[in-house]
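# next come a sequence and a model predicted from it.
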Amino acid sequence: MISFIVPAHNEEQFIRDTLRAIRTAAAAAGEPYELVVVDDSSTDSTAAIARGEGARLERVAFRQISRTRNAGARVATGDRYIFVDADTLVSEALLRATLRELDEGAAGGGATLRIDEYLPLYLRGIFAITAVVMRRKRWAAGCYVFCTREAFEAAGGFDEALFASEEIALSNALQRVGRVVILGEHVVTSGRKARSHSGWDLVRLLAVFAIRGQSILRTRKHLEMWYGERRRDPER
């Protein structure tokens, strides 16, 4: 069985579309599945929407994405895990390709990213370069990560010392377990973080990273783009 694990914090703007897309893709693929939404400290209608869409709800109070994802894995009952961000749309073609690779022995992997709406020009170049690097390194983007339960457990799950880039750490760990694949099929995810933050926000983040290095990934202090107050997407 497939366990779709969806971490969420104040995602009322997106999560209904995400869950419906998963249900549509899973029904078309004809595979048994479960929807697990891990609601991490939401104060909006995220939980009510998840229940209304037939998801199993797990509530936590971590405000840390790696721990939230792992909490979903602990309560999941499937033998194949697909971690999907709450602002991401999964297609039937993507799901079928994922299942095919797992059936053929892949330990895990990810998908080719496509941003849903407008991105500032300067970010399109950064995004394109990042996508090439991630494919060559076989790093799954966090919005869509798949693996077998066995491989996930052998890899040690998501590193709970990290507040960001936990998907890259897991990708590296999965590569030590078995074959990791970045699919050619696209997953559509929201560019809201880029649209709702200024270029200066990104410059400040890069400057802190240049000074402090990877230590900033071990605290939410400098990661406001992910852990600050949720901003509404100006395109929606």
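Now that the structure is in, tell me what you want to look at. Bear in mind that the values here come from a model prediction, so they are computed numbers and not experimental data.

# low-confidence stretches in this structure?
In the prediction, the chain carries residues with pLDDT under 70 at positions 117-119, 121-122, 191-213, 216, 220, 222-236.

# pull the longest strand from it.
Criterion DSSP state E: the longest strand present in the chain is strand 180-189.

# what's it packed up against?
strand 88-89, helix 92-103, strand 108-115 (3 or more Cβ pairs under 8 Å, 6 or more residues apart in numbering; DSSP states H and E). Using the backbone N, CA and C atoms, a C-beta is placed for each residue, glycine as well.

# residues in contact with that strand?
With Cβ atoms under 8 Å, 6 or more residues apart in numbering as the contact definition, strand 180-189 has outside contacts at 85, 87-91, 93-94, 97-98, 101, 106-116, 134-135, 138-141, 143-144, 171, 174.

# helices along this protein, start to end?
Remark: helices of the chain, listed N- to C-terminal, are 15-29, 46-52, 65-75, 92-103, 121-137, 149-155, 166-177, 192-196, 199-212, 224-227; assignment by DSSP state H.

# using a markdown table, lay out the ones you listed together with distance to Pro7.
Conversion of these to a markdown table gives the following (distance: least, Cβ to Cβ, whole Å):
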| stretch | distance to Pro7 |
| --- | --- |
| helix 15-29 | 10 |
| helix 46-52 | 11 |
| helix 65-75 | 4 |
| helix 92-103 | 18 |
| helix 121-137 | 20 |
| helix 149-155 | 15 |
| helix 166-177 | 11 |
| helix 192-196 | 15 |
| helix 199-212 | 21 |
| helix 224-227 | 11 |
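
# include distance to Ala8 and mean neighbour count when you put these into JSON lines, please.
Conversion of the helices of the chain to JSON lines gives the following (distance: least, Cβ to Cβ, whole Å; neighbours: other Cβ atoms under 10 Å):
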{"stretch": "helix 15-29", "distance to Ala8": "6", "mean neighbour count": "19"}
{"stretch": "helix 46-52", "distance to Ala8": "5", "mean neighbour count": "18"}
{"stretch": "helix 65-75", "distance to Ala8": "8", "mean neighbour count": "22"}
{"stretch": "helix 92-103", "distance to Ala8": "20", "mean neighbour count": "18"}
{"stretch": "helix 121-137", "distance to Ala8": "23", "mean neighbour count": "12"}
{"stretch": "helix 149-155", "distance to Ala8": "20", "mean neighbour count": "18"}
{"stretch": "helix 166-177", "distance to Ala8": "16", "mean neighbour count": "21"}
{"stretch": "helix 192-196", "distance to Ala8": "14", "mean neighbour count": "19"}
{"stretch": "helix 199-212", "distance to Ala8": "23", "mean neighbour count": "13"}
{"stretch": "helix 224-227", "distance to Ala8": "13", "mean neighbour count": "15"}
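
# and Asp40, which of the ones you listed is closest to it?
Between Asp40 and the helices of the chain, the tightest spacing by Cβ to Cβ is seen for helix 65-75, at 4.5 Å.

# would you mind writing the CA trace of that closest one as CSV?
Coordinates of the C-alpha atoms in helix 65-75 are reproduced here as CSV (Å, rounded to 0.1, in the frame of the first residue of the first chain):
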residue,chain,number,x,y,z
ILE,A,65,9.9,19.8,9.0
SER,A,66,12.2,16.8,9.4
ARG,A,67,10.5,15.8,12.7
THR,A,68,7.0,16.4,11.2
ARG,A,69,7.8,14.2,8.2
ASN,A,70,9.1,11.4,10.4
ALA,A,71,6.0,11.6,12.6
GLY,A,72,4.0,10.8,9.5
ALA,A,73,6.2,7.9,8.6
ARG,A,74,5.8,6.5,12.1
VAL,A,75,2.0,6.3,11.9
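
# helices or strands up against it?
Taking 3+ Cβ pairs under 8 Å, 6+ apart as the contact definition, the neighbouring helices and strands of helix 65-75 are strand 2-8, strand 33-40, strand 56-60, strand 80-84, helix 166-177.
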